[in-house]
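> Build the 3D model from these lines:
(one chain, ligands or ions: 1)
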Amino acid sequence: MSLELDIRLPLARFTLEVGTRLDGASVAVMGRSGSGKTSLLEVLAGLRRGARGRVVLDGRVLLDSVARSDVPPEQRRMGYVPQDALLFPHLTAEQNVRYGVRPGRASRVDEAVEILELAPLLRRYPATLSGGEKQRVALARALATDPALLLLDEPLAALDVALKERVLPYLLRVRDEARVPMLYVTHQLGEARVLAREALLLDQGQVRAAGPAAEVLGAAARGLLAGEGDGEENILEGVLERPDDGGLRLRMQGGLSLWVPDSPALAPGTRAAYAVPAADILLSIQPLTGVSARNVMTGTVVNVESVATGEDAATVDVAGVRWVVWLTSASVRELGVVPGARVSLAVKTSACRRLR
Ligand SMILES: Nc1ncnc2c1ncn2[C@@H]1O[C@H](COP(=O)(O)OP(=O)(O)OP(=O)(O)O)[C@@H](O)[C@H]1O
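Numbering: from 1, shown residues only. Got it, this is the predicted structure:
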């Protein structure tokens, strides 16, 4: 995906001004409530009159106000899922998914149903679906139209959606299996880190930072989002395995594995994602032995940043997996937690909660 943006859109209190080039297959858009995220998505979708400048997606000019070209929304090949994505209440889930697909046009209906695991829900009506299930149907409807880019606007209300209801594991599949590029508004740093290759931070309509997710989603993002969302999470994705001597482990890229709560329903080989709150991880500068926590790992501190008064976040690299650990600033000083320090982390199995 290559997306060139140079746009200006006057809003009620400020002008949205975004000039950047994005090349990643997945881009997280973050910023406080009211910073212009939805407006940006609507400009890309072609739904906002009054936007000036240029939008070029994969070499196709979608907007060029100087040349007076403005491709209408239905010809932009954008799969837009707004915050309040409404399903047609009188249509089944399947009819909703098929709704936007024009006869003779490329379609990804079957793939969308498969990836979003909608087969058991196809005959149901929206009124009988849970919030997370409705989100999956709305996402499938967008994916089914074979978009060049998915535009996903996470409602703030999604913060209240129960952990198992999160659509994140499905978005990972859309990214890796359907391989449709996406621009994804999220309020969760942990989600953005695991999903996005690039990130764009908006502050009062201005780009505060844009670039590789690993660089952008650190201190700047945390400072900007302070007070939004509750607590930071580590999101780990991998494949489940069941060693001979019992238990259930998540094997991640790079070979690191994590013991997770066992459940007979979970088959080895299944892809899964887990959330571990940054505040639930124990950090030690001594090798940890004789602790009851089943997950004990050794890694290197990458950086330490302030989260709030008296509270810091240490990023620790363990075999290529980056963990964020929250600890008090007093502990950081007393223990000497500085970049380059070797530390051990302990995570109780029960602190690992499965998404979906
Ligand atoms: N059609 C419009 N005309 C003028 N101003 C608008 C319009 N729509 C939104 N705004 C204003 O522009 C600002 C950005 O709104 P926008 O919805 O893009 O923010 P957001 O970052 O998506 O917020 P949230 O996270 O709450 O969804 C807000 O101050 C809003 O009141």
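
> So L11 sits against S39, correct?
Yes. Counting by Cβ atoms under 8 Å, L11 touches S39, with 6.1 Å between them. Bear in mind the C-beta positions are built from the backbone N, C-alpha and C, glycine included.

> neighbour-wise, which of the two wins?
For L11 versus S39, neighbours defined as other Cβ atoms under 10 Å are more numerous around S39 (20 against 14).

> Is the more buried one located within a helix, as I assumed?
Yes. Judged by DSSP: H, G, I helix; E, B strand; the rest coil, S39 forms part of a helix.

> quick one: the nearest residue to it once chain neighbours are set aside and S69, what's the gap?
What sits nearest to S39 in space, not counting adjacent residues and going by Cβ to Cβ, 6 or more residues apart in numbering, is L16, at 5.3 Å. Counting by Cβ to Cβ, to the nearest Å, the gap from L16 to S69 is 20 Å.

> so R208 is in which element?
strand 206-212 (DSSP states H and E).

> follow-up on the earlier one: for L16 and S69, indicate the residue with more neighbours.
L16 (22 against 11).

> Name whatever forms a beta bridge with that one.
L16 has the following beta-bridge partners by DSSP bridges: L9.

> What parts of the chain come near the ligand?
Within reach of the ligand by Cβ under 6 Å from any ligand atom, the chain has these residues: 11-13, 31, 33-39, 156.

> Any chance of a ChimeraX selection covering the buried ones in these?
Of the residues of the chain next to the ligand, the buried ones go into a single ChimeraX selection, burial set by 16 or more other Cβ atoms under 10 Å:
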select :31,35,36,37,38,39
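
> Now pLDDT, secondary structure and distance to P287 too, for the residues of the chain next to the ligand, in TSV please.
Putting the residues of the chain next to the ligand into TSV (pLDDT from 0 to 100; DSSP: H, G, I helix; E, B strand; the rest coil; distance: Cβ to Cβ, whole Å) gives the following:
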residue	pLDDT	secondary structure	distance to P287
L11	96	coil	54
A12	94	coil	56
R13	95	coil	54
G31	92	coil	41
S33	88	coil	44
G34	92	coil	47
S35	95	coil	44
G36	96	coil	48
K37	96	helix	44
T38	95	helix	48
S39	97	helix	51
L156	58	helix	42
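
> what bridges to the residue of the stretch 201-350 of the chain at minimum distance from the ligand?
Using Cβ to the nearest ligand atom, L202 is the residue of the stretch 201-350 of the chain that sits closest to the ligand, at 6.6 Å. The bridge-partner assignment for L202, based on DSSP bridges, gives V207.

> what residues are up against it?
18, 29-31, 35-37, 40, 208 (Cβ atoms under 8 Å, 6 or more residues apart in numbering).

> just checking, what packs against the strand holding R208?
Packing partners of strand 206-212 (3 or more Cβ pairs under 8 Å, 6 or more residues apart in numbering; DSSP states H and E): strand 15-22, strand 198-203, helix 213-216, helix 219-225.

> start to end distance for stretch 305-318?
Stretch 305-318 has an end-to-end distance of 18 Å (Cα to Cα, to the nearest Å).

> list the buried ones in it?
307, 312-316, 318.

> Check stretch 338-352 too.
For stretch 338-352, by 16+ other Cβ under 10 Å, it's 341, 343-349, 351-352.

> do stretch 178-196 as well
Quick answer for stretch 178-196 (16+ other Cβ under 10 Å): 178, 180-196.

> Torsion angles phi and psi at E42?
The phi and psi torsions at E42 (degrees, to the nearest 10) take the values phi -70, psi -30.

> Show me whatever sits in contact with both of L11 and S39.
Common neighbours of L11 and S39 (Cβ under 8 Å, 6+ apart) are G205.
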